[in-house]
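In: okay, predicted coordinates and the sequence, questions at the end:
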Amino acid sequence: MSFLAQEKKMVEEITPMGEDFAQWYTDIIKKAQLCDYSGVRGCMVIQPYGYAIWENIQKGLDARFKATGVENVYMPMFIPESLLQKEKDHVEGFAPEVAWVTHGGAEKLQERLCVRPTSETLFCEHYAGAVRSYRDLPKLYNQWCSVVRWEKTTRPFLRSMEFLWQEGHTAHATAEEAQERTIKMLNVYADFCEQELAIPVIKGQKTEKEKFAGAHETYTIESMMHDGKALQSGTSHNFGDGFAQAFGIQYLSDNNTLEYVHQTSWGMSTRIIGAIIMVHGDDAGLKLPPRIAPIQAVIVPVAQHKEGVLERAGQLKDQLSKKFRIKLDDSDKSPGWKYSEYEMRGVPVRIEIGPKDIENNQAVLVSRVDRSKTFVSLDNIEEELETMLVKIQAQMLEAAGQNREEKTSVAKTYDEFKQIVEEKGGFVKAMWCGDEECEMKIKEDTTATSRCIPFDQEEIADTCICCGKPATKMVYWGKAY
RNA sequence: CGGGGCGUGGCGCAGUUUGGUAGCGCACCUGGUUUGGGACCAGGGGGCCGCAGGUUCGAAUCCUGUCGCCCCGACCA
């Protein structure tokens, strides 16, 4: 069988990316058993393999949060309507997509309860009661929970009506402290994405038009998917004292003056799993970064019916499991089936061990990144596996970065801009005057939106790409999920 | 909310135009042979054809309604 024919056969059940990216995405999710559709519109069943990825994301993020002094709490899932109404911009932003509870059993409720779409109002209410003195500050709370937004159209992980996330909510004595926290958390997200998920991100600020309902400033990390669409992968908001004024969160300062607190909030959701799929996956299936892969290496015994093979494979599993997340597949499927199966599910390393290997005191390590095979001695397989996992993690970050570079363009004229958005896609760097009208016109003309005003500014031109007036900012533009 | 597609064993589909014994592939079960890139042979189990009405001697197929799902746009993590 030729190599090409072999390639074709291995991927026959997954639609190639180049043919239909959306279908490829759906195929991967189903085939790798990350999640399943449920009887409730827009809500998904997260299956063990998908949930295990989320658990690893939680572990990584939670440790980083706690290292900055954050504590975990849990807030109610219901918000009384009157409470949601307190901050005007906030309620306007979320009202169209909240689910309402109107009855308890057969009794109609006196006041409707909204199922939280986000919990700013609950944290604010709590802080209003809990904060009296500057000595009570800062409050650095986070919660892991699910929220509900009545979305019109949904896609697994990228947009579901109920999704899992964490939302951090902090209250500070000063504006400076709040700003510092906002940026600190943005950096936590960026570091997490690059180090754990091997996804390079662009850090920047959202425009007025794109910022969070009720925020003074919204910061974002933006990543680039394989199809050239952008995905907002995490956000961090500075609320200033807007919510504090609406909810009356005040404290006595150390010179006995009554002051409003300054707040932040920041979140990352299961949507990031969609990013992992779309940044790293290929036509053979999912490709998981070793640091969050539920299975870091799968042991596939070859000719497992032969004397001693399963025993040796079992020993190897016990040995490696002390340090790595290992699965031994001793099912009676053929080895070839297992190879394809675990490639499709994105397991970073496959370890083959058969009679010939045992005779030579060796095993074969196969990388998911390039299918390269390395024969290693069983005496130092732990070190070899460690080395390979570290290498794969680095290769994946590198590849994702290259993809982003290839899909990032610079536009100096509006014609050029429109052509790039339409034909090539990806990020387009272009200058902007700061006027919301230009932003809206660009969206209307091209469906591309401003992704962010990056912290790393470049001087591409001195006039706005759209209206030609003097430019104030360089902006990343692009179509987004 | 607009535009398109689709509901038939667990999954993917054919059958619907032209009404007449519900089929195929994969998966599953049993036995045997296999096992270094999705093995093979033989046998076997499983379906109110999304749901509700109607037309008809007879409906997966025709009519009416309804529910749900997917994709593409507008709005959002």
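Out: Great, that's in hand. Numbering: from 1, shown residues only, chains lettered A, B, ... in the order given.
In: tell me the contacts of the residue nearest to A:Met185 when sequence neighbours are not counted?
Out: Distance criterion CB to CB, 6 or more residues apart in numbering; nearest residue to A:Met185, sequence neighbours excluded, is A:Trp266 at 4.2 Å. For glycine as for every other residue, the C-beta is placed from the backbone atoms N, C-alpha and C. By CB atoms under 8 Å, 6 or more residues apart in numbering, the contact set of A:Trp266 is A:167-168, A:182, A:185-186, A:189, A:234-237.
In: rerun that using 10 Å as the cut-off
Out: Neighbouring residues of A:Trp266 by CB atoms under 10 Å, 6 or more residues apart in numbering: A:65, A:70, A:142, A:166-170, A:181-182, A:184-186, A:188-189, A:218-219, A:234-238.
In: what do you get for A:Ala99?
Out: A:Ala99 neighbours (CB under 10 Å, 6+ apart): A:113-117, A:148-150, A:161-162.
In: out of these, which is most surrounded?
Out: Scoring the contacts of A:Ala99 on neighbours with other CB atoms under 10 Å, the highest-scoring entry is A:Arg116 at 24 neighbours.
In: you'd agree it is up against A:Phe163?
Out: No - A:Arg116 lies out of contact with A:Phe163 (CB atoms under 10 Å); the separation is 11.7 Å.
In: got any ranges where chain A has weak pLDDT?
Out: Residues of chain A meeting the criterion pLDDT under 70: A:1-13, A:39.
In: how is it divided into domains?
Out: Per the record, chain A has its domains at A:21-280, A:297-388, A:408-478, by automatic domain parsing.
In: picking up where we left off before, shared neighbours of A:Arg116 and A:Phe163, anything?
Out: Here A:Arg116 and A:Phe163 share the contacting residues A:146-149, scored by CB under 10 Å, 6+ apart.
In: for those residues, which one is nearest A:Glu343?
Out: Minimum distance to A:Glu343 across the shared contacts of A:Arg116 and A:Phe163 is 31.6 Å, recorded for A:Ser146 (CB to CB).
In: OK, contacts around the closest one?
Out: Contacts of A:Ser146 (CB under 10 Å, 6+ apart): A:43, A:77, A:115-116, A:160, A:162-165, A:269-270.
In: mind doing that once more with 6 Å?
Out: When contacts are counted by CB atoms under 6 Å, 6 or more residues apart in numbering, A:Ser146 is found next to A:162, A:164.
In: what's the distance between it and A:Lys407?
Out: From A:Ser146 across to A:Lys407, the span is 32 Å (CB to CB, to the nearest Å).
In: quick one: name the residues of the stretch 351-481 of chain A near RNA strand B.
Out: A:352-357, A:364, A:366, A:371, A:443, A:447, A:480-481 (CB under 7 Å from any atom of the strand).
In: go again with 10 Å.
Out: Residues of the stretch 351-481 of chain A found near RNA strand B (CB under 10 Å from any atom of the strand) are A:351-360, A:362-368, A:370-373, A:375, A:440, A:443-444, A:446-449, A:479-481.
In: give me the buried entries from these.
Out: A:351-355, A:357-358, A:363-368, A:446, A:448-449, A:479-480 (16 or more other CB atoms under 10 Å).
In: strands - which of those residues land there?
Out: In this view, these that belong to strands under DSSP state E are A:351-353, A:363-367, A:449.
In: okay, and A:Glu259 sits in which element?
Out: Assigning secondary structure by DSSP states H and E places A:Glu259 in strand A:258-260.
In: check which element follows that strand along the chain.
Out: strand A:262-269.
In: quick one: that following strand to chain centroid distance?
Out: Put simply, strand A:262-269 sits 15 Å off its chain's centre (CA atoms, centre = their mean, to the nearest Å).
In: close to RNA strand B, is that strand?
Out: Yes - where contact is defined by CB under 10 Å from any atom of the strand, part of strand A:262-269 touches RNA strand B, namely A:267-269.
In: in whichever helix or strand comes after that strand, what counts as buried?
Out: Using DSSP H and E, the helix or strand that follows strand A:262-269 in sequence is helix A:271-280. Judged by neighbour count using 16+ other CB under 10 Å, the buried positions of helix A:271-280 are A:271-280.
In: for helix A:271-280, packing partners?
Out: Counting contacts by 3 or more CB pairs under 6 Å, 6 or more residues apart in numbering; DSSP states H and E, helix A:271-280 is packed against strand A:230-240.
In: can I assume A:Arg181 sits in a helix?
Out: Yes - counting by DSSP: H, G, I helix; E, B strand; the rest coil, A:Arg181 is located in a helix.
In: related to what we said a few turns ago, between which two of the ones in strands among the buried ones among the residues of the stretch 351-481 of chain A next to RNA strand B is the distance greatest?
Out: Using CB to CB, the two most remote members of these are A:Ile353 and A:Thr449, lying 50.9 Å apart.
In: whichever strand or helix holds A:Lys66 and RNA strand B in contact?
Out: Element membership of A:Lys66 [criterion: DSSP H and E] is helix A:48-67. No - Helix A:48-67 lies out of reach of RNA strand B by CB under 10 Å from any atom of the strand, never closer than 12.3 Å.
In: parallel or antiparallel, which strands does the next helix or strand after that helix pair with?
Out: As assigned by DSSP H and E, the chain's next helix or strand after helix A:48-67 is strand A:71-72. Note on strand A:71-72: by DSSP bridges, its sheet partners are strand A:139-148 (parallel).
In: can you state the direction angle for the strand it pairs with and strand A:262-269?
Out: 40 degrees (axes from the mean of the first three to the mean of the last three CA atoms, to 10 degrees).
In: then strand A:139-148 to PDB, C-alphas only?
Out: Only the C-alpha atoms of strand A:139-148 are listed here, as PDB (Å, rounded to 0.1, in the frame of the first residue of the first chain):
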ATOM      1  CA  LYS A 139     -11.300  41.000  47.900                       C
ATOM      2  CA  LEU A 140      -9.900  38.500  45.400                       C
ATOM      3  CA  TYR A 141     -12.600  36.000  44.700                       C
ATOM      4  CA  ASN A 142     -13.100  33.500  41.900                       C
ATOM      5  CA  GLN A 143     -15.700  30.900  41.200                       C
ATOM      6  CA  TRP A 144     -15.900  27.800  39.000                       C
ATOM      7  CA  CYS A 145     -19.500  27.300  37.800                       C
ATOM      8  CA  SER A 146     -21.700  27.100  34.800                       C
ATOM      9  CA  VAL A 147     -23.700  30.000  33.300                       C
ATOM     10  CA  VAL A 148     -26.600  30.200  30.900                       C
END
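In: please enumerate the helices of the stretch 251-400 of chain A.
Out: Along the stretch 251-400 of chain A, the stretches classed as helices by DSSP state H, counting those that start in this stretch are A:271-280, A:309-321, A:335-344, A:355-359, A:381-406.
In: list the buried ones in the third one?
Out: When you say that, I think you mean helix A:335-344. Residues of helix A:335-344 classed as buried by neighbour count (16+ other CB under 10 Å): A:338-344.
In: in TSV: those residues, plus distance to A:Ala128.
Out: As requested, the buried residues of helix A:335-344 are exported to TSV (distance: CB to CB, whole Å):
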residue	distance to A:Ala128
A:Lys338	57
A:Tyr339	59
A:Ser340	57
A:Glu341	54
A:Tyr342	52
A:Glu343	53
A:Met344	51
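In: returning to that earlier point: with the contacts of A:Ala99 in mind, which one is nearest to RNA strand B?
Out: Closest approach to RNA strand B among the contacts of A:Ala99 (CB to the nearest atom of the strand): A:Arg149, at 5.0 Å.
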